[in-house]
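J.: Pasting the sequence and the predicted model now:
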Amino acid sequence: MEKKPYVISNVGMTLDGKLATINNDSRISCEEDLIRVHKIRANVDGIMVGIGTVLKDDPRLTVHKIKSDRNPVRIVVDSKLRVPLNARVLNKDAKTIIATTEDSDEEKEKKIKILEDMGIEIVRCGRGKVDLKKLMEILYDKGIKSILLEGGGTLNWGMFKEGLVDEVSVYIAPKIFGGKDAPTYVDGEGFKTVDECVKLELKNFYRLGEGIVLEFKVKK
Ligand SMILES: NC(=O)c1ccc[n+]([C@@H]2O[C@H](COP(=O)([O-])OP(=O)(O)OC[C@H]3O[C@@H](n4cnc5c(N)ncnc54)[C@H](O)[C@@H]3O)[C@@H](O)[C@H]2O)c1
Ligand SMILES: Nc1nc(=O)c(N)c(NC[C@H](O)[C@H](O)[C@H](O)COP(=O)(O)O)[nH]1
């Protein structure tokens, strides 16, 4: 696909690949790592998360840990439009785009109208779940040429499966959460064979705070 933003996937995960505990405690990154993430945020056009992350963490998705005179556009992928009207991602600190499906019912249309009246832009693509390839084209046409993908595991799977991620950076905290139901970096159905899996090329690694940062390019 030619017309798509450059996508950097970032997470803070435990040594066992978890993004949160089974009780959804997601405090993984150390302060130094959060500053690293905010430096990336300050240099991209958009920050994207799935609705699961908004419902569980209520992130602001702004640059607030370092000085910056701009905030990227916040993009929430939300098939069923579950976003709470008091979510911090809907505040006035930055522009927000909610990506949802073309599926329609009276209640959804009502909520779209309320969100639009709040100044939120609604983008509709796909049926059943958001068509991520189409979404990337739409965002590119809106001038969003780079995106920081901040999870969670379900959206990460969708983006990797569609071949939409270009670069990966992960912070590995020296912690082990365990739990087969705890969210991991990439969840979803998973690839069935090694031939199909996403292949990466290690570009850089360094110690940061108590953990380590790994940076990869996705092999195309
Ligand atoms: N440690 C970290 O770096 C980090 C970062 C982000 C999230 N998290 C954690 O991840 C968890 C949330 O992850 P999650 O997996 O529940 O939710 P998620 O944030 O991945 O959102 C999933 C939602 O994305 C939407 N979606 C629409 N179209 C899709 C498509 N084509 N493919 C995939 N998803 C699509 C669906 O509405 C789906 O419910 C929370 O526990 C949060 O704390 C941790
Ligand atoms: N890099 C990273 N390390 C973590 O330990 C963690 N829990 C997240 N979680 C992703 C989540 O979407 C938000 O990045 C945070 O919840 C921060 O929220 P802010 O946007 O700064 O309000 N991200």
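T.: Looks like it arrived, so ask away. Numbering: from 1, shown residues only. Ligands and ions are numbered 1, 2, ... in the order given.
J.: Surely residue 133 is in a helix?
T.: Yes. Judged by DSSP: H, G, I helix; E, B strand; the rest coil, residue 133 forms part of a helix.
J.: so how many other residues sit close to the residue nearest to it when sequence neighbours are not counted?
T.: Leaving aside its chain neighbours, residue 133 sits nearest to residue 162 (5.5 Å; criterion: CB to CB, 6 or more residues apart in numbering). (C-beta placed from N, C-alpha, C; glycine too.) A count of nearby residues for residue 162, using other CB atoms under 10 Å, gives 15.
J.: what do you get for residue 137?
T.: Considering only other CB under 10 Å, residue 137 is surrounded by 16 other residues.
J.: before we move on, what about residue 30?
T.: 17.
J.: Show the pLDDT at the residue nearest to it when sequence neighbours are not counted.
T.: Among residues not flanking residue 30 along the chain, residue 209 sits closest, at 3.6 Å (CB to CB, 6+ apart). With respect to pLDDT, residue 209 scores 97.
J.: With residue 1 instead?
T.: 63.
J.: residues from the chain in reach of ligand 2?
T.: Contact residues, the chain versus ligand 2 (CB under 6 Å from any ligand atom): 10-12, 26-29, 37, 49, 53, 57, 59-61, 150-151.
J.: what's the closest of those residues to residue 182?
T.: residue 26 (10.0 Å; CB to CB).
J.: Wait, a strand at that closest one?
T.: No. Remark: residue 26 does not belong to a strand; assigned using three-state DSSP, it is coil.
J.: Which residue ranges of the protein form strands?
T.: 6-14, 46-50, 73-77, 96-100, 121-124, 146-149, 167-173, 200-208, 211-218 (DSSP state E).
J.: what are the ranges of the helices in the chain?
T.: In the chain, the helices defined using DSSP state H lie at 31-41, 51-57, 106-117, 132-141, 153-161.
J.: Could you list the buried residues of the longest one?
T.: So that's helix 106-117. 111, 112, 115 (16 or more other CB atoms under 10 Å).
J.: Could I get the residues you listed in CSV, plus columns for pLDDT?
T.: Converted to CSV, the buried residues of helix 106-117 look like this (pLDDT from 0 to 100):
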residue, pLDDT
111, 98
112, 98
115, 98
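J.: Name the nearest residue to residue 57, ignoring sequence neighbours.
T.: Nearest to residue 57 is residue 26, by CB to CB, 6+ apart, at 6.0 Å.
J.: so residue 37 sits right up against residue 29, yeah?
T.: Yes. The pair residue 37 / residue 29 is scored as a contact, 7.0 Å apart, by CB atoms under 8 Å.
J.: so what sits against both of the two?
T.: Common neighbours of residue 37 and residue 29, using CB atoms under 8 Å, 6 or more residues apart in numbering, are 12, 171.
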